[in-house]
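# Sequence unavailable; structure follows:
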């Protein structure tokens, strides 16, 4: 049997795969998506960032997503022992979108996949990649297997791997590398949230500092369901025993606000566990392929960077693939790898600063500088490529310097007020 022929084969029908497929398809090339799972399917990453909106707009997905009536998200709320730090996206430093959505990912991803199909891109579900042979000219022959065990081949001029946690090409070709972030674990579920209006937070994500390096996400959806997850070092969870539901109930009871809001709340599904998620790869491209989304590097759920990196990487990669197919030269290092590493490394600095306590100092400081707060807000909105923002450009040093200044200021205040220096 002769292989099926396409210009571009996309692996994965999540946000990364569909955004890239749409952009290449709009340029007039023949695109096909293969997806190992059946949709709709559950995945975390339910709180989008405003920078995603630009990619969704270019992929012509916005109208379909708006029609789903998702919960609008206008910012992020951080809470620690009664202290509150609010970030509103309309106040950010960077010129960009001032809002986005909180989405049940099973429905959101299925909406994107159905929309790209309506644009003329076929999506084959329950079809996994078992082998890829790259030819000297950069074309490839991919062997796929359907749910019945039948195999066949697809010939492509180029491959975009947006397979997410599946990490198809990195696994097939030994490109995976461990991240420099410590392993962490998340236990999460969806609950029927009858008390979702007990606070002013349905229009934003709430992140609660529960203990040192332990935090909770609270993401309300427009359906009346709320996603709640606890993230920590795996050892933290050892104090909770029993069934998955009993462990989740124990976690809920351990935090006063969540305990009050979610007491006896109905669980939509049995709590799930995700752990040791951080991973990376040598490089994000090669002869005949490019990696997008979580296939490149997944950091941590704390700042909802996953879908942003997925959609933006695919937005950039899709346009570069079109350029490549037109016969134009592409400098993958400069035009893709360097750009994506700028975003990944900025988010990485913030993730590390979160777990080290640096952001704790900044978020819950008194008398915060409004301009600095606007700049940090831009990062939390996903605008991690704006080098006019020194909290992006100097992401690896700016946060530590700011935290040190706050500590110094607080120490001077204590001394001036006649108290012993807390340091």
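Structure received. Here the structure is a predicted model, which is why all the values come from computation and not from measurement.
# Please make it C-alpha for all contacts and neighbour counts, starting now.
Fine.
# what does the host helix or strand of residue 392 contact?
Element membership for residue 392, per DSSP states H and E: helix 390-393. Residues from elsewhere that reach helix 390-393 (C-alpha atoms under 8 Å, 6 or more residues apart in numbering): 346, 375-376, 379, 384-387, 398-399.
# all strands for the stretch 201-350 of the chain, in order.
Per DSSP state E, counting those that start in this stretch, the stretch 201-350 of the chain carries strands over the ranges 204-211, 214-220, 225-232, 272-275, 279-281, 285-286, 289-291.
# rank these by mean pLDDT and give me the bottom one.
Comparing mean pLDDT over those, the weakest stretch is strand 279-281, at a mean of 72.
# Determine which residue lies closest to the centroid of this protein.
Nearest to the mean C-alpha position of the chain, by C-alpha atoms, centre = their mean, lies residue 306 at 1.4 Å.
# where's that one relative to residue 186, distance?
Counting by C-alpha to C-alpha, to the nearest Å, the separation of residue 306 from residue 186 is 15 Å.
# Likewise for residue 91?
Residue 91 is 31 Å from residue 186, where distance means C-alpha to C-alpha.
# Of these two, which one has the most company?
The neighbour comparison of residue 91 against residue 186 (other C-alpha atoms under 10 Å) goes to residue 186, with 21 against 17.
# Now do the same contact list for the nearest residue to the more buried one once chain neighbours are set aside.
Distances taken as C-alpha to C-alpha, 6 or more residues apart in numbering place residue 231 nearest to residue 186, at 4.4 Å, with adjacent residues excluded. Residues in contact with residue 231 (C-alpha under 8 Å, 6+ apart) are 184-187, 214-216.
# Pull the residues that contact the helix ranked longest in the chain.
Counting by DSSP state H, the longest helix found in the chain is helix 305-325. For helix 305-325, contacts defined as C-alpha under 8 Å, 6+ apart pick out 15-17, 19-21, 23-24, 27, 45, 48-49, 51-52, 55-56, 58-59, 157-158, 162, 290, 292-294, 298-300, 329-330, 336, 340, 343-344, 347, 382.
# same deal with stretch 45-55?
The contact list for stretch 45-55, computed with C-alpha under 8 Å, 6+ apart, reads 19, 62, 73, 89, 96-105, 205, 219, 301, 304-308, 311-312, 315, 380-383.
# Correct me if wrong: residue 384 contacts residue 347.
Yes - counting by C-alpha atoms under 8 Å, residue 384 touches residue 347, with 7.3 Å between them.
# My understanding was that residue 155 contacts residue 5; is that so?
Yes - using C-alpha under 8 Å, residue 155 is in contact with residue 5, at 4.8 Å.
# Those two: which has the busier surroundings?
residue 155 (22 against 16).
# Please name the bridge partners of the more buried one.
According to DSSP bridges, the partner residues bridging residue 155 are residue 5, residue 141.
# residues in contact with it?
3-6, 139-142.
# tell me which of those is nearest to residue 78?
Checking those against residue 78 with C-alpha to C-alpha, the nearest one is residue 142 at 45.8 Å.
# For the closest one, grab the count of nearby residues.
By other C-alpha under 10 Å, neighbour count at residue 142 equals 20.
# Relative to residue 4, how far out is it?
For residue 142, the distance to residue 4 - C-alpha to C-alpha - is 10 Å.
# Overlap in contacts, the two.
153-155.
# nearest spatial neighbour of residue 72, skipping sequence neighbours?
With C-alpha to C-alpha, 6+ apart as the criterion, residue 72 has its nearest non-adjacent residue at 4.5 Å, and that residue is residue 101.
# Give the buried residues for stretch 111-122.
Buried positions in stretch 111-122, judged by neighbour count with 16 or more other C-alpha atoms under 10 Å: 111-117, 121-122.
# Narrow the residues you listed to those in helices?
111-117.
# of all those, which comes closest to residue 361?
Distance to residue 361, by C-alpha to C-alpha, is smallest for residue 112 among those, at 38.7 Å.
# quick one: contacts for the closest one?
Here residue 112 is in contact with 14-15, 18, 61, 64-65 (C-alpha under 8 Å, 6+ apart).
# what distance separates the longest helix of the chain from the centre of its chain?
Chain-centre distance of helix 305-325: 14 Å, with C-alpha atoms, centre = their mean, to the nearest Å.
# mind starting the numbering at 91 from now?
Done: numbering now begins at 91, and the last item shifts to helix 395-415.
# looking only at pLDDT, what's the mean for it?
96.
# Likewise for stretch 161-181?
When pLDDT is averaged over stretch 161-181, the result is 95.
# Only the buried residues of it, if you could.
In terms of neighbour count (16+ other C-alpha under 10 Å), stretch 161-181 has its buried residues at 161-170, 175-181.
# go on, stretch 309-320?
Residues of stretch 309-320 classed as buried: 309-312, 315-320 (neighbour count, 16+ other C-alpha under 10 Å).
# repeat for stretch 121-129
121-126, 129.
# How about stretch 267-283?
For stretch 267-283, a neighbour-count test (16+ other C-alpha under 10 Å) marks 269, 273-283 as buried.
# what's the first-to-last distance across that stretch?
Counting by C-alpha to C-alpha, you get 40 Å between the two ends of stretch 267-283.
# Stretch 365-375 now?
Across its full length, stretch 365-375 reaches 26 Å between end residues, using C-alpha to C-alpha.
# How about stretch 253-272?
Criterion C-alpha to C-alpha; first-to-last residue distance in stretch 253-272 is 23 Å.
# Please state the offset of it from the chain centre?
Put simply, stretch 253-272 sits 16 Å off its chain's centre (C-alpha atoms, centre = their mean).
# Residues touching that stretch, excluding its own?
101-104, 106-107, 125, 219, 221-222, 251, 368-373, 381, 383-385, 389, 442.
# Thank you, goodbye.
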